[in-house]
Each structure stands twice: as structure tokens, then as C-alpha cells.
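Enquirer: give me a 3D structure for the following:
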Amino acid sequence: MELQSLLTNLSDQGVQISLDGDSLLIEAPKESITPELRNSLIKHKEELLQLLRQNNEIANSTSLPSIKSDLTRRYEPFPLTDAQHAFWVGRSGVLELGEVANHGYYEIDCQRLALDRLNASLNQLINRHDMLRAIVLPDGQQQVLQEVPLYEIQLFDLRGQTQDVVDTHLATVREQLSHQVIPVDRFPLFEFCATHLNESCTRLHVSYDLQIFDAWSLFRLF
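Expert: Predicted coordinates:
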């Protein structure tokens, strides 16, 4: 079995190999190492060790550029990342399958939600995290706005309404926000609203554009 075939076979069998000093460390599912595969590992051991050492050297020598903050230019326009640029182009009408935002939508039922406290906390987040105040300029650069209006969560009070009225309202909000294409050239690139369903339960509707969010930053919200 040649080396390339061996590597393919190991991958197919779910076998992982790594360096352990001058030894080959093998992690494999039960009964995946057949006598033939074991013999091939022994035969190609030195080649595998050399390949792993080379991979380690490449990984160790590949350093990412260091990022330094420059607060004096904090509010100046700066380029989009490659992913952001793809999102920006994709939401335009220049592509056949365009005019679609990379966007997310949540509904969260909250018991005895203190909406005023939530609103205040959201504004603290907006003030603290620059990208919540970011927009995309017509030339394809992004910019953090130094000041933005106080954000106010829109409230719909359906307490005491019939179930048909509540269901119609919820379906309308979901239809409006779940496929929303938020203009990226103005603040905000998100929308929060809340619906009082009864005396104790409030449904929070959260629409956000991934032009300024990523998966990790969403943990700041939820």
C-alpha cells in the first residue's frame, strides 16, 4: 500500500495519527486497524513521522498578523472582510440570486420580562460594542458611528385579545422579520420588538443582520 493510499484508507476508517515525540500516536475506532493496515503503518512509519513533522513546522512558522487598535482612527471608514464583502454583494440585485440578506431571526418567550431593563441593557451593549453601531457605506467600506439615537424596543400589547388576533399578529411579525433585508447604510442593522401575550408572558422578536454579527458575538445578546 502506497503512502497516499494509506492516508486515504486511514481517513476512511476514522483513524487519526499524530506525533508523540519520535513515536507515532494512533487513535482509531475499535477493530478499524486490520492486519493489513497495521503492516502498512509499520512499513510507512518513518514517512508518516516525517510528514507529521513537516506539517508541524509549517503550522508553527505560519504566524497571523498581529492586530493593534488605533483609537485615533476609530470612526474612520475601513474595509470589509472577505465574508462581509460577499454578504454585501449578495444582498444587492447585481446577482441572479441576490437581494437576500445573510440574516437571522429569533423568537423567545420570556416570563415576566422587565422590558425597560432589557431596553436599557441593549443600549449599554450598543454603546459598548462598536460593531453594533457600524454601517456599510455606498463605496463598500464600513464605518462605526460615533453617536446613534437611543434604541427603543417596539412593544405590541395583546393582553386580553382573542387567540385569533394574537395568532394573526404573530404570523405578521414573523413574516416581516424572518426574511428581512435591513438597509446596511444606516443604523441599526438589527430590530427588536416585543409582544405582550398575556399578563406573564412576553414574546421577544429579534432580527439581526450578519453583516455586523458573527456566531460568537451573538452570545453577547443571548
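
Enquirer: so how far is the helix or strand where residue 208 lies off the chain centroid?
Expert: Per DSSP states H and E, residue 208 falls inside strand 201-209. Strand 201-209 sits 18 Å away from the centroid of its parent chain (C-alpha atoms, centre = their mean, to the nearest Å).

Enquirer: so where's this protein uncertain?
Expert: 1, 3-4, 58-65, 92-99, 219-222 (pLDDT under 70).

Enquirer: how is it partitioned into domains?
Expert: 3-61, 71-220 (automatic domain parsing).

Enquirer: over to residue 14: give its phi and psi.
Expert: Main-chain dihedrals, residue 14, degrees, to the nearest 10: phi 70, psi 20.

Enquirer: wait, it sits on residue 29?
Expert: Yes: counting by C-beta atoms under 8 Å, residue 29 is a contact partner of residue 14 at 5.0 Å. Quick note: C-beta positions are derived from backbone N, CA and C, even for glycine.

Enquirer: about what we covered before: sheet partners, orientation included, of the strand holding residue 208?
Expert: strand 103-111 (antiparallel), strand 190-196 (antiparallel) (DSSP bridges).

Enquirer: restricting to C-alpha, output the shortest one in PDB.
Expert: The C-alpha coordinates for strand 190-196 follow below in PDB (Å, rounded to 0.1, in the frame of the first residue of the first chain):
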ATOM      1  CA  PHE A 190     -31.000  44.800  13.800                       C
ATOM      2  CA  GLU A 191     -34.500  45.000  15.100                       C
ATOM      3  CA  PHE A 192     -36.000  44.100  18.400                       C
ATOM      4  CA  CYS A 193     -39.700  44.100  19.200                       C
ATOM      5  CA  ALA A 194     -41.800  42.500  21.900                       C
ATOM      6  CA  THR A 195     -45.400  41.300  22.200                       C
ATOM      7  CA  HIS A 196     -47.200  41.000  25.500                       C
END
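
Enquirer: which residues touch that strand?
Expert: Strand 190-196 has contacts (C-beta atoms under 8 Å, 6 or more residues apart in numbering) with 113, 115, 122, 132, 151, 153-159, 169-170, 173, 177, 180, 182, 202-209, 213.

Enquirer: again, but for stretch 136-148
Expert: So stretch 136-148 is contacted by 74-80, 84-85, 88, 126, 130-131, 133-135, 184-185, 187-188, 211 (C-beta under 8 Å, 6+ apart).

Enquirer: and these, which are buried?
Expert: 80, 84, 88, 126, 133-135, 184, 187-188, 211 (16 or more other C-beta atoms under 10 Å).

Enquirer: columns secondary structure on top of those residues, output as CSV?
Expert: Below are the buried ones among the contacts of stretch 136-148 laid out as CSV (DSSP: H, G, I helix; E, B strand; the rest coil):
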residue, secondary structure
80, coil
84, helix
88, helix
126, helix
133, helix
134, strand
135, strand
184, coil
187, coil
188, coil
211, coil
